[in-house]
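Asker: Below: sequence and its predicted model.
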Amino acid sequence: MSLLGNFDIAGSALSAQSIRLNTVASNLANAETVSSTAEGTYRARQPQFETIFNDSMHNRQNMGVRVRQILESQGAPTQQYQPEHPMADDKGYIYLPNVNAIEEMANMISASRSYQSNVEVMNTSKQLLMRTLSLGQ
């Protein structure tokens with residue numbers, strides 16, 4: 001693999017981590033939304049990554065990562081008895097999303113560090129390419 005391939009791999013990882021950060025932001029933004037039905041309640045979302053392969057000449061080489069799909073959590077929403085709430089159902093219950101803010105913050109830190117690491121990969125590859133080009137001088 002050449003140094004130019006590093007840019008493709010790191011670039012795909014930057015894109016995937018950007019989507020991961022956006023889903024975390026969406027989860028955190030909707031963590032306190034209230035619904036009057038369990039079906040209408042916001043559900044936490046997580047991206048599912050997959051590896052991209054270059055299948056030239058049956059020589060499978062890892063060429064990056066992409067988001068395969070955004071999965072919606074199957075966990076049950078939190079049900080609270082608050083009959084005075086304007087969004088309460090006939091039985092007096094409101095429904096809150098199954099978003100765990102602590103887990104989302106950990107995901108955010110992990111995604112931002114991964115993003116930062118891939119930026120460093122790109123910077124290091126750039127420096128190596130520049131040094132290689134200066135060898136002929």
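Answerer: Good, I have the coordinates.

Asker: Give the partner strands of the longest strand anywhere in the chain in its sheet and their orientations.
Answerer: When the chain is parsed with DSSP state E, its longest strand is strand 61-72. Strand 61-72 pairs in its sheet with strand 45-54 (antiparallel), by DSSP bridges.

Asker: Distance from the partner strand to the middle of the chain?
Answerer: 10 Å (C-alpha atoms, centre = their mean, to the nearest Å).

Asker: Only C-alpha atoms, please: export it in PDB.
Answerer: Taking C-alpha atoms only, strand 45-54 is exported to PDB below (Å, rounded to 0.1, in the frame of the first residue of the first chain):
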ATOM      1  CA  ARG A  45     -29.300   5.600  17.200                       C
ATOM      2  CA  GLN A  46     -25.900   4.100  16.600                       C
ATOM      3  CA  PRO A  47     -24.000   3.800  13.300                       C
ATOM      4  CA  GLN A  48     -22.900   0.400  12.200                       C
ATOM      5  CA  PHE A  49     -19.500   0.400  10.400                       C
ATOM      6  CA  GLU A  50     -18.200  -1.900   7.700                       C
ATOM      7  CA  THR A  51     -14.800  -2.400   6.100                       C
ATOM      8  CA  ILE A  52     -14.300  -1.300   2.500                       C
ATOM      9  CA  PHE A  53     -12.100  -3.700   0.500                       C
ATOM     10  CA  ASN A  54     -10.200  -3.300  -2.800                       C
END
